[in-house]
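>>> Sequence unavailable; structure follows:
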């Protein structure tokens, strides 16, 4: 199920590293639009995963933003203007 993707295409089997040295295979890649201001490009789709991961360092680089983690949430702000572009709650 790839209902989060705005665009998705097949890719050659691509290993994705998991904790403890395990790996799993991604089969697709695409673009995910999280909000009107946050789109993630080159997102890998791994059919056997039942959760989503975001690379914060990749988010920082792609969106030119910074992410601040608080006790129960995170805040994403534009690096140049400090405009709030997203938030996330702890789950």
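Good, I have the coordinates. What you see is a predicted model; the values in this text were computed from it and never measured.
>>> how far away is residue 8 from residue 83?
Computed as Cβ to Cβ, to the nearest Å, the residue 8 to residue 83 distance reads 29 Å. Quick note: C-beta positions are derived from backbone N, CA and C, even for glycine.
>>> got it, and residue 19?
Residue 19 is 34 Å from residue 83, by Cβ to Cβ.
>>> So residue 47 sits against residue 16, correct?
No - with contact defined as Cβ atoms under 8 Å, residue 47 does not reach residue 16; the gap is 11.3 Å.
>>> Between those two, which is the more surrounded one?
A count of neighbours by other Cβ atoms under 10 Å puts residue 16 above the other of residue 47 and residue 16, at 15 against 12.
>>> Show me what the more buried one is bridged to.
Per DSSP bridges, the residues bridged to residue 16 are residue 24.
>>> For it, which residues are in contact?
Under the criterion of Cβ atoms under 8 Å, 6 or more residues apart in numbering, the neighbours of residue 16 are 23-26, 44, 46.
>>> do residue 48 as well
Counting by Cβ under 8 Å, 6+ apart, residue 48 has contacts 24-25.
>>> go again using 7 Å as the cut-off
If you count contacts by Cβ atoms under 7 Å, 6 or more residues apart in numbering, residue 48 has them with residue 24.
>>> do the same with residue 72
Contact analysis of residue 72 by Cβ under 7 Å, 6+ apart lists 89-90.
>>> same thing with residue 33?
Applying Cβ under 7 Å, 6+ apart, the residues near residue 33 are 6, 39.
>>> Show me the residue at the heart of the protein, geometrically.
Against the mean C-alpha coordinate of the chain, by Cα atoms, centre = their mean, the closest residue is residue 54 at 3.2 Å.
>>> Next up, phi/psi of it, please.
phi -120, psi 130 (degrees, to the nearest 10).
>>> Would you format the contacts of residue 16 as CSV with pLDDT and neighbour count included?
Shown next, in CSV, are the contacts of residue 16 (pLDDT from 0 to 100; neighbours: other Cβ atoms under 10 Å):
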residue, pLDDT, neighbour count
23, 91, 10
24, 92, 14
25, 93, 13
26, 93, 19
44, 90, 16
46, 90, 18
